[in-house]
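Novice: could you work out the structure for the sequence below:
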Amino acid sequence: MSQVQASAAAPQTAGKWKPEIIVFCCNYCAYAAADLAGARRMQYPPNVRVIHVPCTGKIEREHILASFEKGIDGVLVAGCLEGGCHFIEGNLRAKRRTEQLRDMLDEIGVGRERLRMVNLSAAMAPTFVQRVNEIVQTIEGLGPNPLRAHDAPA
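Specialist: Sure, this is the predicted structure:
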């Protein structure tokens, strides 16, 4: 998780806080949609980091929780369309885990809205950008992750 560690400091633009977002993208669909968005020069905020994973079903709870512990403000899990997972039911496992983690985030005071899961096909670049922008707007409304160390060096 070195990418998570490297991006845990809050990005600053002229003194204004910008949320730090991680998007875990499955190889076959969501990452392909993100790549297509890039090829089409579609824009989304630069404070969003895409992490390429083989399948959303391989993302363990610990990966997501570690992201929040390190100060990441929001996490989006982007997988294949339901019924279209290349690993048969990996995205269904990820959906169950994500819902369990959303409940846990509410219980510990971080907030369930900081974690979302979406299902995309490889051709859904506009939807990928839309979902990324939606979570960024949500997190901007929520403010910084309450687990973020306020006195951490940038």
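Novice: in CSV, could you pull the C-alpha coordinates for stretch 76-86?
Specialist: Extracted in CSV, the C-alpha atoms of stretch 76-86 (Å, rounded to 0.1, in the frame of the first residue of the first chain):
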residue,chain,number,x,y,z
LEU,A,76,-14.5,4.3,-4.3
VAL,A,77,-14.5,0.6,-5.3
ALA,A,78,-15.1,0.3,-9.0
GLY,A,79,-15.8,-3.2,-10.4
CYS,A,80,-17.3,-5.1,-13.3
LEU,A,81,-21.0,-5.0,-13.9
GLU,A,82,-23.0,-7.4,-11.7
GLY,A,83,-23.1,-10.7,-13.4
GLY,A,84,-20.1,-9.8,-15.6
CYS,A,85,-17.2,-10.4,-13.3
HIS,A,86,-14.3,-12.1,-15.0
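Novice: show me what L120 bridges to in the sheet.
Specialist: Using DSSP bridges, the beta-bridge partners of L120 come out as C80.
Novice: now the helix or strand harbouring K95: mean pLDDT?
Specialist: For K95, the host element (DSSP states H and E) is helix 90-107. Helix 90-107 carries an average pLDDT of 95.
Novice: can you pull the buried residues of that helix?
Specialist: Using 16 or more other CB atoms under 10 Å as the test for burial, helix 90-107 gives 90-95, 97-98, 101-102, 105. Every C-beta, even on glycine, is put in place using the N, C-alpha and C of the backbone.
Novice: for this structure, which spans come out with low pLDDT?
Specialist: Scanning the chain for pLDDT under 70 picks out 1-15, 149-154.
Novice: can you give me the helices in it?
Specialist: Secondary structure of the chain (DSSP state H): helices at 2-6, 30-39, 61-69, 90-107, 125-142.
Novice: for the helix holding K95, which helices and strands make contact with it?
Specialist: Secondary-structure packing of helix 90-107 (3 or more CB pairs under 8 Å, 6 or more residues apart in numbering; DSSP states H and E): helix 61-69, strand 74-80, strand 115-120.
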